[in-house]
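Asker: how would this look folded up:
(chains A and B)
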Amino acid sequence: MSNAVPPPESPRFRFAPSPTGFFHVGGARTALYNWALARHLGGRFVLRVEDTDEARNRPEWTQGILDALAWIGISPDDPTFEGPYFQSANAAEHVAAAERLYEAGLAYYCDLTGEQVQERAKASGTPGYDGYSRDRGLEPGPGRVLRFRVPDGAVIVNDAVRGRVEFDSANIEDFVLLRGNGTPMFLLANVVDDLSMRITHVVRAEEHLPNTPKQQLLWEALGARPPQWAHVPVLVNEQRKKLSKRRDKVALEQYRADGIVADAMVNYLMTLGWAPAGDTEIVPWERIQAEFRLEDVNHSPAFFDVKKLLAFNGEYLRMRSVDEFIAESDAWLPPEWDRATYAQVAELVQTRVPTLADVAPMVDFLFLDQPEIDEAAWTKAMKPEWARPLLIDVLDAFGQLAERGEWNAGVLKTTLEGIGTTYEVKPGKAQAGLRVAITGRSVGPPLYEPIELLGADESLRRIRAALERPEPS
RNA sequence: GCCCCCAUCGUCUAGUGGCCUAGGACACCACCCUUUCAAGGUGGCGGCACGGGUUCGAAUCCCGUUGGGGGUGCCA
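Answerer: As a prediction, the model looks like this:
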């Protein structure tokens, strides 16, 4: 973590999450955008935890943010990283700025309660605060909020992704700076912090765009030049609504726990609203960092498609060497399973799993005393009239192989195929019963390597056990 | 309601006035490979929301319509 002050000309980006107990994938994308830019431009990525709402303030949640960021490659050990800072620590500064505004006549106190503001709005038919106390010259006092005196005219926001956006200040109400209890509001705190941290680029989600004219006005009132704004489209669900904690799976931690790997997640997130040049979207972070530009970010909301995430994940898993795959999947296996055995089938698993969480269920039969036989699978495999006699022949033939000490995948395979031929059954059908007997399921990795690994005794025992099952009625 | 943003295959996108007969990826379908399932290979389906302009020429520029989204707190 490096908090030394960089040269003033270098760009300073910031990521300002509020702790909520989990890390939103949309937040992850925003953080990644900021990170890519900061690193590419040789600037700083400032992390500021916006913890001013007491309801959203638990120390362990900050650690969650740090962990999540580190997982996607945004590490405090990197010199680009600065922070974390805590907004709550700057409260005095926020209040001081507000008082400066008041003294300069750019803000005024108002004694209306929230309900009263609403009543007046309802009565007049115009929504929002009507500027009731603008010229009443109220002094500060308990219960009185400090409101910003929004100047007349247009506010032009220059946005790196959207271009020029114009707001008429007639539509911007005199918003609250300080609550009745004297504590600062988000808009104020956010601006004062960005200002004092000398932030040059504010890259955040589109939901903040309506706030921007207010914040820009604050920057100017505080005597500073506003930063470069950039509002990136929100992430939406299948119903095209903003991803929400209630309805949707939005926690980065959850995807991680479900076996999504970080590089796949990062790559996928970066392609939501943006695409690298060329014919493939699967590109290493180095290229993303080199190519990413705010000007190229799409303007419309992007659907967070788990199916495509899974496709990316599978692709990334397959890009790994077998050894890497083995090491990475280790944590998803019960500790008592024999790693040497697993290592021998890992390669067969690697091309078959979309996530790391899918590994264990695919190889469990190698480690369980008696894998549970899937009833439907067994019934289906035993349906043809040749199925049972064929499996009995397999049992005999395999038994002989075992006696001759010829227990290896190659021989097992040709033996099975030979028996299939005598029944005029293709290998695919011939192996069905054997597969269920050994693995308990109708689908799985290639069969003969595992059977070799399992050993003759156990394999033959499983075939006998299956054969002894009651006939399906 | 008001303010703001947006609009290319089902989805994510390329495209910045002629290179577009609109390209890629995911999904889907077919075939090949194959001991199941995957993976891989080949091929296919499928889109510029609509209406007006501007221009020799428009997915690209302008206007309108429609349709989505976001915001509208003494939350952040």
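Asker: before we move on, which element is the closest residue to A:Q350 other than its chain neighbours in?
Answerer: Closest residue to A:Q350 apart from its sequence neighbours, by Cβ to Cβ, 6 or more residues apart in numbering: A:F325 at 5.0 Å. Placement of C-beta: from N, CA and C, glycine included. In the assignment (DSSP states H and E), A:F325 maps to helix A:322-329.
Asker: tell me, how many residues neighbour the residue nearest to A:Q350?
Answerer: 21 (other Cβ atoms under 10 Å).
Asker: mind listing what it touches?
Answerer: Listed by Cβ atoms under 8 Å, 6 or more residues apart in numbering, the contact set of A:F325 reads A:L317, A:A346, A:E347, A:Q350.
Asker: as a markdown table, those with secondary structure and distance to A:I72 would be great.
Answerer: Formatted as a markdown table, the contacts of A:F325 follow (DSSP: H, G, I helix; E, B strand; the rest coil; distance: Cβ to Cβ, whole Å):
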| residue | secondary structure | distance to A:I72 |
| --- | --- | --- |
| A:L317 | helix | 17 |
| A:A346 | helix | 26 |
| A:E347 | helix | 28 |
| A:Q350 | helix | 23 |
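Asker: quick one: which of these is nearest to A:V155?
Answerer: Comparing the contacts of A:F325 against A:V155 with Cβ to Cβ picks out A:L317 as the nearest, at 48.7 Å.
Asker: could you measure from the closest one over to RNA strand B?
Answerer: Applying Cβ to the nearest atom of the strand, to the nearest Å, the value for A:L317 to RNA strand B is 10 Å.
Asker: same thing with A:G141?
Answerer: From A:G141 across to RNA strand B, the span is 11 Å (Cβ to the nearest atom of the strand).
Asker: can you count the residues close to that residue?
Answerer: 9.
Asker: remind me which residues of the stretch 351-473 of chain A are low pLDDT?
Answerer: Scanning the stretch 351-473 of chain A for pLDDT under 70 picks out the ranges A:471-473.
Asker: could I get the full set of helices for it?
Answerer: Here the stretch 351-473 of chain A has its helices, by DSSP state H, counting those that start in this stretch, at A:359-363, A:375-381, A:387-404, A:409-422, A:427-430, A:432-439, A:448-454, A:456-467.
Asker: pick the most deeply packed of these.
Answerer: helix A:432-439 (a mean of 24; mean count of other Cβ atoms under 10 Å).
Asker: other residues contacting it?
Answerer: Outside helix A:432-439, the residues that touch it by Cβ under 8 Å, 6+ apart are A:365, A:371, A:373-374, A:377-378, A:380-382, A:387-388, A:390-391, A:394, A:416, A:441-442, A:444, A:447, A:450-451, A:454, A:459, A:462-463, A:465-467.
Asker: how about a cut-off of 7 Å?
Answerer: Helix A:432-439 is contacted from outside by A:365, A:371, A:373-374, A:377-378, A:381-382, A:387, A:390-391, A:394, A:416, A:442, A:444, A:447, A:451, A:459, A:462-463, A:466, using Cβ atoms under 7 Å, 6 or more residues apart in numbering.
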